[in-house]
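**Q** please work out how this folds:
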Amino acid sequence: QVHLVESGGGLVQPGGSLRLSCTASGKFNSINSMAWFRQAPGKERESVAVISWSGMLRSYADSVEGRFTISRDNAAQTVDLEMSNLNPEDTAVYYCAARSDPTWNPETQSYDYWGRGTQVTVSS
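**A** Numbering: from 1, shown residues only. Reported below is the predicted structural model:
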């Protein structure tokens, strides 16, 4: 079992930056890809960024490409999401997720473990 806890959410002005962090506990070595998802009110959950176990493979949603950066530290059991040039459309609850399947599949939403989420609000 793996437990994920997100942190770093908050209120930020348009054009600002924010860094989200996800800390994992439990059988961390059992998981491979990790990802950040988000869900805005009235909208479906969407994948934001995905990273492989090694960190060599990364994938981003078109809407955040060039503005968001996902990274992970396996020794610290963390995965971070650095967000810059934020706009109101980025407002959502952001979730950390992890999956055990070693297959690289950035399109999937089939993840084994999910955090409870952290709210990000972009507003002036």
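**Q** element containing residue 3, please.
**A** Using DSSP states H and E, residue 3 maps to strand 2-7.
**Q** report all helices and strands that the helix or strand following that strand contacts.
**A** Per DSSP H and E, strand 2-7 leads on to strand 10-12 as the next helix or strand towards the C-terminus. Contact analysis of strand 10-12 by 3 or more CB pairs under 8 Å, 6 or more residues apart in numbering; DSSP states H and E lists strand 118-122 as its packing neighbours. In this view, the C-beta of every residue, glycine as well, is placed from N, C-alpha and C.
**Q** given the strand it packs on, what are its sheet partners and their directions?
**A** As defined by DSSP bridges, the strand partners of strand 118-122 come to strand 10-12 (parallel), strand 92-98 (antiparallel).
**Q** can you show me the CA trace of it as CSV?
**A** C-alpha atoms of strand 118-122 as CSV (Å, rounded to 0.1, in the frame of the first residue of the first chain):
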residue,chain,number,x,y,z
THR,A,118,-4.7,20.3,-2.8
GLN,A,119,-6.5,23.4,-3.9
VAL,A,120,-4.9,25.8,-6.3
THR,A,121,-6.7,29.1,-7.0
VAL,A,122,-5.4,31.6,-9.5
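**Q** buried ones in that strand, by neighbour count?
**A** When burial is assessed from 16 or more other CB atoms under 10 Å, strand 118-122 yields the following buried residues: 118, 120, 122.
**Q** so for it, mean pLDDT?
**A** When pLDDT is averaged along strand 118-122, the result is 98.
**Q** run through who's touching that strand.
**A** 6-14, 16, 18, 20, 38, 83, 86-94 (CB atoms under 8 Å, 6 or more residues apart in numbering).
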